[in-house]
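Colleague: This is a predicted model, with the sequence first.
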Amino acid sequence: MTAPRYDVLGIGNAIVDVIARADDDFLIKQNMQKGGMALIDEARADAIYEAMGPATESSGGSAANTIAGVASLGGRAAFVGKVREDVLGTVFAHDIRALGVGFDTPRANDGPSTARCYIMVTPDGERTMNTYLGAAQNLSPADIDPKLIGDAAITYLEGYLWDPPHAKEAFRKAAKAAHDAGRTVALTLSDAFCVDRYRDEFLKLMRDKTVDLVFANEAELKSLYQTADFDSGISALRNDATLAVVTRSEKGCVVVSKDHTLAVPAAPIDALVDTTGAGDLFAAGFLFGLATGRDHAACGKLAALAAAEVIQHIGARPAVSLKALAQENGLL
């Protein structure tokens, strides 16, 4: 097998985040479910933007944030996602390329505008997301280059891709291309509501080994197995997944494989500001560690450090070099 050109290649929804602070009353008034992600149409997107307070815009999207984190750690990274030939599409492409990430997906010349996610951050740091998928949902198998996929040690897919039908087909094509090249396929379950929609399909992806590594948080694990008991969820996950990592916020994470369960503590923080991107950056640290040959404990520590950095400021991407931060903490 030839050496991979990339450590991690991510495939996901190419989204520009519009982030504002809000209180719980605003969420209630706007009929938003706190901590969740709702898919919205363009009219609803415009209405939310009118109602929300002062906002900051930054390139986002779950898998794209993860890939930004991999690049910040010094990893060789690439991203596949669909934007429109419009202002926000230009912003997204510029931002991700400026990080040193390979991004060559052709832009759409017509159809819906570039995707955007309106994120409300409440005083407790919780984020509530409203996503207009726009052009992102038109990612198709034609956008998947098997040679590019084969050039990555790990192909990382987001569960949100399971919403648009063409993107689902692209997901399957990418997983096959990765395995044909002897590479690893990773999946994040994205959020508990996404799991509610696609529980059986996600379980099948694990059981038929379409994916080799699964990321979930505690709520997603419980939704996947329809249980309130964490330990029974972990036990079921061990039977289904080749390798899985379950995050538990301030309790750290649990790495689960057929023959062992490893607990890794969370990294300390000074103050929780915004949980947006916590899971995405956690995945970045773990994937970077795995792609560069580190053991599961070291991967978990890198993941915890990356997540700790991103939750201490507004926004879903690192504000400092994760590579430098990891070196300061003796992890690289």
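Modeller: Yep, it's here.
Colleague: alpha carbons only for contacts and neighbour counts from here, please
Modeller: Will do.
Colleague: how about stretch 71-89: buried residues?
Modeller: Neighbour counts over stretch 71-89 (16 or more other CA atoms under 10 Å) mark 71-73, 75-85, 88-89 as buried.
Colleague: And the residue nearest the centre of the protein?
Modeller: Geometric centre of the chain, nearest residue: residue 62, 3.3 Å, by CA atoms, centre = their mean.
Colleague: Leaving out sequence neighbours, find the closest residue to that one.
Modeller: Leaving out its chain neighbours, the residue that sits closest to residue 62 by CA to CA, 6 or more residues apart in numbering is residue 280, at 5.9 Å.
Colleague: Doesn't that neighbour belong to a helix?
Modeller: Yes: secondary structure assignment (DSSP: H, G, I helix; E, B strand; the rest coil) places residue 280 inside a helix.
Colleague: Distance from the helix or strand where residue 222 lies to the middle of the chain?
Modeller: Per DSSP states H and E: residue 222 is located in helix 218-225. Chain-centre distance of helix 218-225: 17 Å, with CA atoms, centre = their mean, to the nearest Å.
Colleague: what pLDDT, on average, does that helix get?
Modeller: What helix 218-225 shows for mean pLDDT is 96.
Colleague: And for stretch 310-321?
Modeller: 93.
Colleague: so how far is that stretch off the chain centroid?
Modeller: The answer for stretch 310-321 is 14 Å, by CA atoms, centre = their mean.
Colleague: Determine how far the last residue of it lies from the first.
Modeller: For stretch 310-321, the first-to-last residue distance is 11 Å (CA to CA, to the nearest Å).
Colleague: helix, strand or coil for residue 216?
Modeller: strand.
Colleague: Does it touch residue 241 like I think?
Modeller: No: with contact defined as CA atoms under 8 Å, residue 216 does not reach residue 241; the gap is 11.5 Å.
Colleague: the helices in the chain, which residues?
Modeller: Using DSSP state H, the helices of the chain run over 24-29, 42-51, 62-72, 87-98, 146-150, 165-180, 192-207, 218-225, 230-240, 278-291, 296-310, 322-328.
Colleague: just those helices: most buried one?
Modeller: helix 62-72 (a mean of 30; mean count of other CA atoms under 10 Å).
Colleague: Tell me which other helices or strands that helix touches.
Modeller: strand 6-11, strand 77-80, strand 152-158, helix 278-291, helix 322-328 (3 or more CA pairs under 8 Å, 6 or more residues apart in numbering; DSSP states H and E).
Colleague: which residues sit against it?
Modeller: Contact with helix 62-72 is made by 8-14, 76-79, 96, 99-101, 156-158, 190, 277, 280-285, 287-288, 306, 316-318, 321-323, as judged by CA atoms under 8 Å, 6 or more residues apart in numbering.
Colleague: That helix vs helix 87-98, what angle?
Modeller: 30 degrees (axes from the mean of the first three to the mean of the last three CA atoms, to 10 degrees).
Colleague: Report the beta-bridge partner residues of residue 119.
Modeller: For residue 119, the beta-bridge partners under DSSP bridges are residue 19, residue 129.
Colleague: Would you format the helices and strands packed on helix 62-72 as TSV with distance to residue 135 included?
Modeller: Compiled in TSV, the helices and strands packed on helix 62-72 are given as follows (distance: least, CA to CA, whole Å):
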stretch	distance to residue 135
strand 6-11	14
strand 77-80	13
strand 152-158	16
helix 278-291	21
helix 322-328	30
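Colleague: To residue 312, which of the ones you listed lies closest?
Modeller: helix 278-291 (9.8 Å; CA to CA).
Colleague: Need the residues that contact that closest one.
Modeller: 7-8, 62-63, 65-70, 73, 75, 153-154, 215, 217, 247, 295-296, 298-308, 310-311, 316-317.
Colleague: Off-centre distance for it?
Modeller: Distance, centroid of helix 278-291 to centroid of chain: 9 Å (CA atoms, centre = their mean).
Colleague: what's the closest of the helices and strands packed on helix 62-72 to residue 232?
Modeller: helix 278-291 (22.1 Å).
Colleague: Quick one: mean pLDDT over that closest one.
Modeller: Rounded mean pLDDT across helix 278-291 is 97.
Colleague: hmm, back to that, could you work out the most separated pair of the buried residues of stretch 71-89?
Modeller: 73 and 85 (29.9 Å).
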